[in-house]
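Peer 1: return atomic coordinates for the entry below.
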Amino acid sequence: MRKRYNRLLELNTGIQKKSNVLRNLITSFLEHKRITTTPKRAKVLRFEMDKLLSKLVKTYNRYDNKEESLREVKRILTKVLYKDELISDIVENKILAYVEENRVSWFTRVYRVWVRSGDSVEKIMVELI
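Peer 2: From the prediction side, this is the model:
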């Protein structure tokens with residue numbers, strides 16, 4: 001019996017490879033602000049990015065002191081991202097803008113772009129709002 005398990009949000013790889021694929025997708029997505037990928041990976045990326053960014057915004061709002069909240073947001077980002085240079089850029093530009101807008105969800109936008117010629121797989125572009 002299937003109980004609250006969403007099989008659509010599963011990448012059919014082992015757990016170690018899945019975490020590495022997700023971290024690479026998230027790192028390159030935040031670095032370039034948009035990425036073109038397959039529908040399954042786009043669905044997983046959108047879910048994980050919304051979860052991560054909402055967690056960062058809620059963590060930032062949890063603390064009264066700005067230094068404490070920035071430290072905690074940077075701590076969470078160091079666990080996820082592979083490149084440390086991105087952390088300050090994301091915190092200064094994106095997270096503070098989301099906090100000012102009071103945005104807690106819908107951080108990404110998805111477009112269908114084209115069909116790949118080799119195996120006719122649909123390509124999806126995921127964009128950061």
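Peer 1: look up phi and psi at Gly118.
Peer 2: Here is the backbone geometry of Gly118 (degrees, to the nearest 10): phi -70, psi -50.
Peer 1: which residues does it contact?
Peer 2: Gly118 sits next to no residue when contact means CB atoms under 8 Å, 6 or more residues apart in numbering. To be clear about C-beta, it is placed using only N, CA and C from the backbone, and glycine gets the same treatment.
Peer 1: nearest spatial neighbour of Thr37, chain-adjacent residues omitted?
Peer 2: Using CB to CB, 6 or more residues apart in numbering and skipping the chain neighbours, the partner closest in space to Thr37 is Ile124 (6.1 Å).
Peer 1: helix or strand: which one has that neighbour?
Peer 2: Applying DSSP states H and E as the criterion places Ile124 in strand 122-128.
Peer 1: quick one: mean pLDDT over that strand.
Peer 2: Averaged over strand 122-128, pLDDT sits at 94.
Peer 1: which parts of it are buried?
Peer 2: Using 16 or more other CB atoms under 10 Å as the test for burial, strand 122-128 gives Ile124, Val126, Leu128.
Peer 1: re earlier: bridge partners for the residue nearest to Thr37, pull those for me.
Peer 2: Thr37, Arg112 (DSSP bridges).
Peer 1: so it touches Thr108, yeah?
Peer 2: No. Using CB atoms under 8 Å, Ile124 is not in contact with Thr108, being 11.0 Å away.
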